[in-house]
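[1] fold the following, please.
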Amino acid sequence: MKRAIFSIAIVGYILTAGLFFPPVTYDSADQASPPPVVTESAISLTISCVGDIMVHSTQYNAQYIPATDSYSFTNNFQYVRDDIQQADLALCNVETVFAGGKPSGYPSFNAPDSLAGDISAAGFDVAIMANNHVLDRGTAGLLRTVDMLQGAGLKTSGAQRAGEKDFTLYTTKSVVIGVVSYTYETTGESGRRSLNGNAMPEAALPLINSFSYNHMTEDLLSIKASIDGARLAGAEIIVCYFHWGEEYQREPNTWQKSMAKAIADMGADIVFASHPHVLQPAEMLVNATTGKETAVFYSMGNFISNQRTETLDNRYTEQGIIAEASLSIMKSTGEVSDLSMAIKPVWVDRYKTDRMHYAIIPLDASLANNPALAESGHLKRAEQALADITKLFGPGFIKAE
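    Numbering: from 1, shown residues only. Alright, predicted model coming up:
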């Protein structure tokens, strides 16, 4: 009975309350809007690389400052610094070591320590160490070079400390780029692995990424393992660098061609390379099965050195490029698209006033007004370099101003 009375009371209260508190109504405009649809945009990247940064004795002597007993290489890069810094990732091949002590040139390179900081200040992000001069001062020199370059704010690739990964990761615009670098070996005595004809110390073997033309099948598997390792570590783009080819040859050889195809089939997006000390053409490789594109620059030549007409009777050793690959990537799918290739031609000017000067000259619309060329009087030589590079690559490769 009590339960029935209680129920009637509750109903009565509800009916009475309805008289004083009418039901709330909602206009359609007050209702919560559906969440906005987020459309993903592809991320655009520009990745650039230059060839060999060499330091012959005449070069470091030219950069010596007696008043402070120091060396500065900043003026070498002053005209190309803006081009380098514009890239999302800029790489260079550092074909010398930083072993400390007295500097030396060819055949056993050892650059002043200040060069490491000057390379970083020029805008480079990754220093390639996979080249045939990486052991010029032994294992200790190699390890000190890693320390010096990394201490200057650069990442290193192609040589590493014991126990470290044989690839490098670099992140820009939230995209992780894997850099895999390898250098060729020379044929050693009794089958021993060697660089420049010198046997590689046992302690150095795990520290250097190298391959031999004599056992390419095995070494290609090692390169693939490095690429796969970078992917597993999070790399969304794979950039490879190879020190390969024949010195002073302006066309890639059979080994370069076959390796490039194999590396492309492994999934590399870009292949940069040097060692011939002269430029070689570039091409876009397309996988016939998947349609995946890989940009290949077979040789970027010298970026700066003392190799030139006056020393080698070879004007092509004075010529180089800033090789550039541009692409887009969708983060959600990892799909790479719009891969394209371009070059910015450069030329090394060397001239003497009260001292020797070295400058990397961009061969662009500002050529006729370049201060170094005005002082050296070498405008015609620079124009010849531009003509040579344009003929080798074709005008379609030259990046528009």
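
[2] bridged to the one residue sitting closest to the centre of the chain, which residues?
    Nearest residue to the geometric centre of the chain (Cα atoms, centre = their mean): L91, 2.9 Å. Following DSSP bridges, L91 is listed with bridge partners C49, V126.

[3] helix, strand, or coil at the residue lying closest to A203 once chain neighbours are set aside?
    With sequence-adjacent residues excluded and distances taken as Cβ to Cβ, 6 or more residues apart in numbering, A203 is closest to T139, at 5.1 Å. For every residue, glycine as well, the C-beta is placed using N, CA and C. Three-state assignment for T139 (DSSP: H, G, I helix; E, B strand; the rest coil): helix.

[4] contacts only, for T139.
    Contacts were defined as Cβ atoms under 8 Å, 6 or more residues apart in numbering; by that measure T139 touches P201, A203, A204, L207.

[5] filter those residues down to the buried ones, ChimeraX style.
    Only the buried entries of those go into this ChimeraX selection, using 16 or more other Cβ atoms under 10 Å:
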select :204,207
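
[6] which single one of the contacts of T139 is nearest to E164?
    Checking the contacts of T139 against E164 by Cβ to Cβ gives L207 as the nearest, at 8.6 Å.

[7] any idea of the pLDDT on the residue nearest to the centre of the chain?
    Here the pLDDT value assigned to L91 is 98.

[8] that one contacts D125, correct?
    Yes - assessed by Cβ atoms under 8 Å, L91 is found in contact with D125 at 6.9 Å.

[9] which neighbours do these two share?
    With Cβ under 8 Å, 6+ apart applied, the contact sets of L91 and D125 do not overlap.

[10] give me the neighbour count for the nearest residue to K173 once chain neighbours are set aside.
    Closest residue to K173 apart from its sequence neighbours, by Cβ to Cβ, 6+ apart: I43 at 5.4 Å. I43 has 16 neighbours, counted by other Cβ atoms under 10 Å.

[11] quick one: pLDDT of I43?
    If you check I43, the pLDDT there is 97.

[12] show me what contacts it?
    K173, S174, V175, S328, I329, M330, K331.

[13] give me that answer again for 10 Å
    Going by Cβ atoms under 10 Å, 6 or more residues apart in numbering, I43 touches D88, T172, K173, S174, V175, E236, L327, S328, I329, M330, K331.

[14] surely the fourth one is in contact with E236?
    Yes - shown here, S174 and E236 form a contact pair, counting by Cβ atoms under 10 Å, at 9.4 Å.

[15] of those two, who's got more company?
    Neighbour totals were compared for S174 and E236, and E236 leads with 20 against 8 (other Cβ under 10 Å).

[16] which phi and psi values does the residue nearest to K173 adopt?
    Note on I43: backbone dihedrals following degrees, to the nearest 10 are phi -100, psi 130.

[17] which residues in the stretch 1-150 of the chain form helices?
    With DSSP state H, counting those that start in this stretch as the criterion, the stretch 1-150 of the chain has helices at 2-20, 57-62, 81-85, 114-121, 138-151.

[18] now do S212 against S194, distance only.
    According to Cβ to Cβ, to the nearest Å, S212 stands 9 Å off from S194.

[19] the more surrounded of these two?
    Comparing S212 with S194 by neighbour count (other Cβ under 10 Å), the higher total belongs to S194, at 18 against 15.

[20] now name the helix or strand holding that one.
    Per DSSP states H and E: S194 is located in strand 193-195.

[21] surely R381 is in a helix?
    Yes - assessed with three-state DSSP, R381 lies in a helix.

[22] hmm, E318 and it touching each other?
    Yes - R381 is within contact range of E318, at 7.8 Å (criterion: Cβ under 10 Å).

[23] tell me which of the two has more neighbours.
    Taking other Cβ under 10 Å, R381 and E318 do not tie; E318 has more neighbours (30 against 17).

[24] thought the more buried one was touching S305?
    Yes - here E318 lies in contact with S305, judged by Cβ under 10 Å, at a distance of 8.5 Å.

[25] now for those two: what residues contact both?
    Common contacts of E318 and S305, defined by Cβ under 10 Å, 6+ apart, comprise T311, L312, V348, R350.

[26] counting neighbours, what do you get for the last one?
    As a burial measure, R350 scores 22 neighbours (other Cβ under 10 Å).

[27] which parts of the stretch 51-200 of the chain are strands?
    Remark: strands assigned in the stretch 51-200 of the chain by DSSP state E, counting those that start in this stretch are 64-65, 70-71, 89-94, 126-128, 155-157, 168-172, 175-184, 186-187, 193-195, 198-199.
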